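In: need coordinates for the below:
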Amino acid sequence: MIIVIGIYIILSIIIPIIFKYCIFENPELSNLTNSEWAGFLGSYAGGILGGLGTLIAMWYTVKTSLNIQKENNDAMNIQLQSDIQRRDKESREKFANEIANHLGVYITDISKYYYANIELEKLEERKEHVAERLSEQEEEEHTFDIHFEILQSYVPMTSKNRVIPEKNRTERAYVDILHEERRIKEMAIRVKANEEYFIMQTLLKNIPTADNLCAELNEMQNRVRDENVELTEKWVEKEKDLLMWNYSEFRKTYIDKSEE
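Out: Numbers count the residues shown, from 1 in each chain. Model prediction:
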């Protein structure tokens, strides 16, 4: 627009000069007097100034409109970028929360698996002790039966009557132990932990910020799965803490990455 105004001014100056020397000062082409020439210049100058004013007004209006449009576009771009970042952050938070849910189930099931196996070991000792006691009582009862058949003695029968209630209590205790063993074994299969492990590995695959968390998951999963490795409560609790710490670091880094 500035170039157009410049050309307009130059032409406005050149055209009167051309008219003056090529037309008005040529007697054969024009017989204008000085006053008529002055009137022409006045009209011409008025038209030029009016046109120039119109051009300047148009230039200012267009420039102002473009500036306003640019400011609006910049504001819209900033808002759009902000909305994109906000939605991306919300999406990342949702994903991180999903991982937290899977990790919580995994840790809970692994803990149940470990402590259930500890309880099974203790229960196995109790079961052996009760089974041994029951075997002794059955043997004692059998001995009383033999004595009674041979000696027809009422003394062994009296003792047998004492042993039978004890044996019945022992049998009930043994049955209770079997029920408890069955219940605990259902907790010690870690099927849910395996399922959550593979879900997390699938979800976190190809996410660099989750490498440490995945490595810690592999460490616990492989160690628990290896039957030749004896687990300790101290190790299990330490691994749980490391898993939660690595998840916390992953969550912070993964969510903050959306703001970079």
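In: all helices for the stretch 101-250 of the chain, in order.
Out: With helices called from DSSP state H, counting those that start in this stretch, the stretch 101-250 of the chain shows them at 154-187, 191-204, 211-225, 233-256.
In: between helix 191-204 and the last one, find me the angle.
Out: Helix 233-256 and helix 191-204 meet at an angle of 30 degrees, taking axes from the mean of the first three to the mean of the last three Cα atoms, to 10 degrees as the criterion.
In: which residues belonging to helix 233-256 are considered buried?
Out: 236, 239, 240, 242, 243, 244, 246, 247, 250, 251, 254, 255 (16 or more other Cβ atoms under 10 Å). Where C-beta positions appear, they are placed from N, C-alpha and C, glycine not excepted.
In: mind giving me the packing neighbours of that helix?
Out: Contacts defined by 3 or more Cβ pairs under 8 Å, 6 or more residues apart in numbering; DSSP states H and E place helix 233-256 against helix 34-151, helix 211-225.
In: between that helix and helix 34-151, how big is the angle?
Out: Per the same axes, to 10 degrees, the angle that helix 233-256 makes with helix 34-151 is 160 degrees.
In: and if you look at the shortest one?
Out: For helix 191-204 and helix 34-151, the angle between their directions (the same axes, to 10 degrees) works out to 160 degrees.
In: helix 191-204 packs against which elements?
Out: Using 3+ Cβ pairs under 8 Å, 6+ apart, helix 191-204 is in contact with helix 34-151, helix 211-225.
In: closest to residue 190 out of the helices and strands packed on helix 233-256?
Out: Closest of these to residue 190 is helix 34-151, at 4.0 Å (criterion: Cβ to Cβ).
In: tell me which of the helices and strands packed on helix 233-256 lies nearest to residue 184.
Out: With Cβ to Cβ, the closest approach to residue 184 among the helices and strands packed on helix 233-256 belongs to helix 34-151: 5.0 Å.
In: now the closest one: mean pLDDT?
Out: Helix 34-151 shows a mean pLDDT of 77.
In: cool, stretch 190-204 as well?
Out: 91.
In: buried sites along that stretch?
Out: 190, 193, 194, 196, 197, 200, 204.
In: swap in stretch 83-98?
Out: Neighbour counts using 16+ other Cβ under 10 Å place 92, 95, 96 of stretch 83-98 among the buried residues.
In: hang on, the earlier thing: now, which of the buried residues of helix 233-256 sits nearest residue 78?
Out: residue 255 (21.5 Å).
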